[in-house]
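1. task: produce atomic coordinates for the following.
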Amino acid sequence: MKKEQLLVTIITPCFNSEKTIEKTLKSVLNQTYHNIEYIIVDGASKDRTMDIVKSYGKKFEGRMKWVSEQDEGIYYAMNKGIAMASGELVGIVNSDDFYEPDAVEKMVEARSNVAYQILYGFERTLVDGKEASIVIHNHECLDRQMITHPTCFVTKKLYEDLGTFNTDYRYSSDYEFMLRMFHSGKVEFTPVYALISNFALGGASGTVKGYRETNRLKYEYHLISKARYRFVDIKCAINIFLRR
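-> Have a look, this model is predicted:
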């Protein structure tokens, strides 16, 4: 298959995102690579989110589809979108983030012929709309820190054969997924040295509860000692109690 014939699915999970989702929609619409299927998975928003989404329907010329219904959180929405995806390569961009114009083109260029591949690149972090950092975390360091998940593109075959996001984790399921894939020994991780995604700081994984769950995840994967796990867990529990 020629690279320009490769179908890419982009998924945006959202809920009450009327203030930010238009920038996300525009970033997908304006990609330099055009063979894209776009899926919106909305958790029954109460604001104008779906009105904005539907207003872009014609602009995508039949390449967009959406579902709006109650779900149990962002990882349920991601899994639902993956199940709906027809593309060979799947990217996920949240409703307060946005892609660079050539993001999909860069990922398609880097796609190899292996069945199980995860591609990732540079991520710009924004704080109050201003650039705070541009980073890439290599997959060889996954046991210490997460790679830049908002930049990741994953083969659909990988999701079908090796699994999707474990919804037992409310905050750290993306990290658990990457650890599971890395330690399976079956996945080719491909760093792409280009700016791919713009990430708005302030998601659930950055909260104390998210940090606590990540600490538990590292312990379950034998990446930290029991003493370290207990120390961090107690600190988080105290912090959560004091914030009540």
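2. got the contact list for the lengthiest helix in the chain?
-> When the chain is parsed with DSSP state H, its longest helix is helix 226-242. Outside helix 226-242, the residues that touch it by C-beta atoms under 8 Å, 6 or more residues apart in numbering are Val208, Lys209, Tyr211, Arg212, Asn215, Arg216, Lys218, Tyr219. Any C-beta I mention is one placed from the backbone N, CA and C, and that applies to glycine too.
3. break this structure into its domains for me.
-> Using automatic domain parsing, the domain parsing of the chain gives 3-201, 207-244.
4. next, report how far the longest strand seen in the chain is displaced from the centre of its chain.
-> Ranked by residue count under DSSP state E, the longest strand found in the chain is strand 188-200. Using C-alpha atoms, centre = their mean, to the nearest Å, the mean C-alpha position of strand 188-200 is found 11 Å from that of the whole chain.
5. sheet partners, orientation included, of that strand?
-> strand 98-99 (antiparallel), strand 117-127 (parallel) (DSSP bridges).
6. most neighbours per residue, which of the ones you listed?
-> strand 98-99 (a mean of 26; mean count of other C-beta atoms under 10 Å).
7. contacting residues for Asn94?
-> So Asn94 contacts Thr12, Pro13, Cys14, Thr24, Ile74, Pro150, Gly203 (C-beta under 8 Å, 6+ apart).
8. number of residues surrounding Lys157?
-> Here the number of neighbours of Lys157 (other C-beta atoms under 10 Å) works out to 14.
9. give the contact list for it.
-> Applying C-beta under 8 Å, 6+ apart, the residues near Lys157 are Glu88, Ala115, Tyr116.
10. next, the buried residues of the helix or strand of the chain with the lowest mean pLDDT.
-> Within the chain, no helix or strand scores below helix 226-242, which has a mean of 85 by mean pLDDT, DSSP states H and E. Neighbour-count burial for helix 226-242, with 16 or more other C-beta atoms under 10 Å as criterion, is recorded at Tyr229, Val232, Cys236.
11. from these, pick the one nearest Asn79.
-> Nearest to Asn79 out of the buried residues of helix 226-242 is Cys236 (C-beta to C-beta; 26.6 Å).
12. now Leu201: closest residue in space that isn't a chain neighbour?
-> The spatially closest residue to Leu201, leaving aside those adjacent along the chain, is Val127, at 5.1 Å (C-beta to C-beta, 6 or more residues apart in numbering).
13. tell me which element His34 falls in.
-> Using DSSP states H and E, His34 is not contained in any helix or strand.
14. I'd like to know how far it sits from Glu188.
-> As judged by C-beta to C-beta, to the nearest Å, His34 and Glu188 stand 26 Å apart.
15. what about these two, which has more around it?
-> Per other C-beta under 10 Å, whichever of His34 and Glu188 has more neighbours is Glu188, with 16 against 11.
16. which strand residues bridge the more buried one?
-> Here Glu188, judged by DSSP bridges, has bridge partners Gln117.
17. cool, and Ile134?
-> Arg124.
18. close enough to count as contact, it and Leu195?
-> Yes - between Ile134 and Leu195 there is a contact under C-beta atoms under 8 Å: 6.6 Å.
19. who has more neighbours, these two?
-> For Ile134 versus Leu195, neighbours defined as other C-beta under 10 Å are more numerous around Leu195 (18 against 12).
20. state the pLDDT value of that one.
-> pLDDT for Leu195: 98.
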